[in-house]
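K.L.:
how would this look folded up:
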Amino acid sequence: MIFKESNSLTTANELIVQSSSKAISWSGYYELTKPRLSLLSLITALVGYLAAMPAKDLSTLIHFCVGTALCAGGAAALNQWFEREQDSVMERTRTRPIPANQISPQAALFFGLILSILGSLQLYLGANPLAGFLGAITIASYVGIYTPMKRSTRWATEFGAIPGAIPPLIGWAAAEGSISTLGWILFGILAIWQIPHFMAIAWLYRDDYQRGGFPMLSVLDQSGLRVGRWALANTIALIPLSLAPCFFGYCKWIYGVVATLFGIWFLIRANAFTRSENRDIAARKLFLNSILYLPAVFFSLVIDRWMLG
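P.N.:
Numbering: from 1, shown residues only. Okay, the predicted model is just below:
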């Protein structure tokens, strides 16, 4: 009788452990999608959709949002599958689902492929073929080109800014079935914004990137002078480009004021990053500024278009 009770307790404990493992696995799959980065992709895509001032079509909007989210999550999962060995030796990434043994590499690969295929099809069939094509191109360029490039060249960040800036084009294509000049301006703003944003991140985690074998500019330039100057140069280029919607008559004073003020603030932070003293502090401030800059500029553009357009 005691033996039977002991077996029952053992079985119960095993069931609890199994249930806990399953819960961890579901959490692992969620983390594979890099939810915060995927949310940023969805938001920037939604900005492109709303900036196009589409007709009120709830069905297209839902298909577009779901498809974009699936594409972003699929690309993130495939990226982590590719970089699982590097992630295991980097302090910042060693707790990700694959190196932490929450998800097997095979399961992560299958999961990423399924999300990518479903997302591209959702955009293609639910929105239009152009949106689906752009979703597929984003995944292919991010996973198939940018991810391997990170291990071989310091220019990977600049190339990675291209797929990273496609979401507004997906949104614009979903709304109109084509892409106008403003759509391409949004693409340009997002592409150039990524350089100072990621230069700040790369400097703060330069030791980690070196351990992972990534030849980032921050790894090659131990002084940080080239890193700071490159961030500043792109910030300078970003300011006139961010004002292009006003120059071309797409936006009026609301967007113009916000883009100018936040652009000047961004420029001040980028300039401070070029100084040798307290570069780590300057990098954190630049990073935080970049996070505030993008939503301020993009949301004010949508508000300006809908209120004054």
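K.L.:
Let's see the pLDDT reported for Glu277.
P.N.:
Note for Glu277: predicted pLDDT of 81.
K.L.:
residues contacting it?
P.N.:
Not one residue lies near Glu277 by Cβ atoms under 8 Å, 6 or more residues apart in numbering. Glycine gets a C-beta too; all of them are placed from N, C-alpha and C.
K.L.:
State the three-state secondary structure for it.
P.N.:
Applying DSSP: H, G, I helix; E, B strand; the rest coil to Glu277 yields a three-state assignment of coil.
K.L.:
Distance check, it against Leu46.
P.N.:
40 Å (Cβ to Cβ, to the nearest Å).
K.L.:
same check, this time on Ala156
P.N.:
Distance, Ala156 to Leu46, by Cβ to Cβ: 27 Å.
K.L.:
again, but for Trp203
P.N.:
Taken as Cβ to Cβ, the span from Trp203 to Leu46 is 30 Å.
K.L.:
of these two, who's got more company?
P.N.:
Trp203 (26 against 21; other Cβ atoms under 10 Å).
K.L.:
Contacts only, for that one.
P.N.:
Residues near Trp203 by Cβ under 8 Å, 6+ apart: 218, 224, 227, 273, 279-280, 283.
K.L.:
got it, and Val143?
P.N.:
Per Cβ under 8 Å, 6+ apart, neighbours of Val143: 75, 78-79, 82.
K.L.:
just those residues now: which is nearest Ser141?
P.N.:
Checking the contacts of Val143 against Ser141 by Cβ to Cβ gives Ala75 as the nearest, at 9.4 Å.
K.L.:
Arg94 is in what secondary structure piece?
P.N.:
Arg94 belongs to no helix or strand when assigned by DSSP states H and E.
K.L.:
quick thing: my sequence starts at 24, can you match it?
P.N.:
All right, first residue 24 from here; so that's Arg117.
K.L.:
Now for it, how many residues are close by?
P.N.:
15.
K.L.:
Checking the residue nearest to it when sequence neighbours are not counted next. Helix, strand or coil?
P.N.:
Nearest residue to Arg117, sequence neighbours excluded (Cβ to Cβ, 6 or more residues apart in numbering): Ser111, at 5.8 Å. Three-state call for Ser111 (three-state DSSP): helix.
K.L.:
so what's Ser111 up against?
P.N.:
Going by Cβ under 8 Å, 6+ apart, Ser111 touches 117, 121-122.
K.L.:
Can I get the residues you listed in TSV including distance to Phe289 and pLDDT?
P.N.:
Listed next are the contacts of Ser111 as TSV, based on distance: Cβ to Cβ, whole Å; pLDDT from 0 to 100:
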residue	distance to Phe289	pLDDT
Arg117	32	93
Ile121	35	96
Pro122	34	96
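K.L.:
possible to save those residues as CSV with distance to Ile277?
P.N.:
Listed next are the contacts of Ser111 as CSV, based on distance: Cβ to Cβ, whole Å:
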residue, distance to Ile277
Arg117, 45
Ile121, 45
Pro122, 46
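K.L.:
With respect to Leu266, which of the contacts of Trp226 is nearest?
P.N.:
Phe296 (22.3 Å).
K.L.:
quick check: domain ranges of this structure?
P.N.:
The record's domain split for the chain, according to automatic domain parsing, is 51-202, 203-332.
K.L.:
Span of the first one from start to end?
P.N.:
Start to finish, the residues bounding domain 51-202 are 36 Å apart (Cα to Cα, to the nearest Å).
K.L.:
Could you do the shortest one as well?
P.N.:
End-to-end distance for domain 203-332, by Cα to Cα: 16 Å.
K.L.:
Now do it: distance to the chain's middle.
P.N.:
14 Å (Cα atoms, centre = their mean, to the nearest Å).
K.L.:
So among the contacts of Trp226, which ones count as buried?
P.N.:
241, 247, 250, 296, 302, 306 (16 or more other Cβ atoms under 10 Å).
K.L.:
hmm, which two among these are most spread apart?
P.N.:
Ser241 and Phe296 (11.5 Å).
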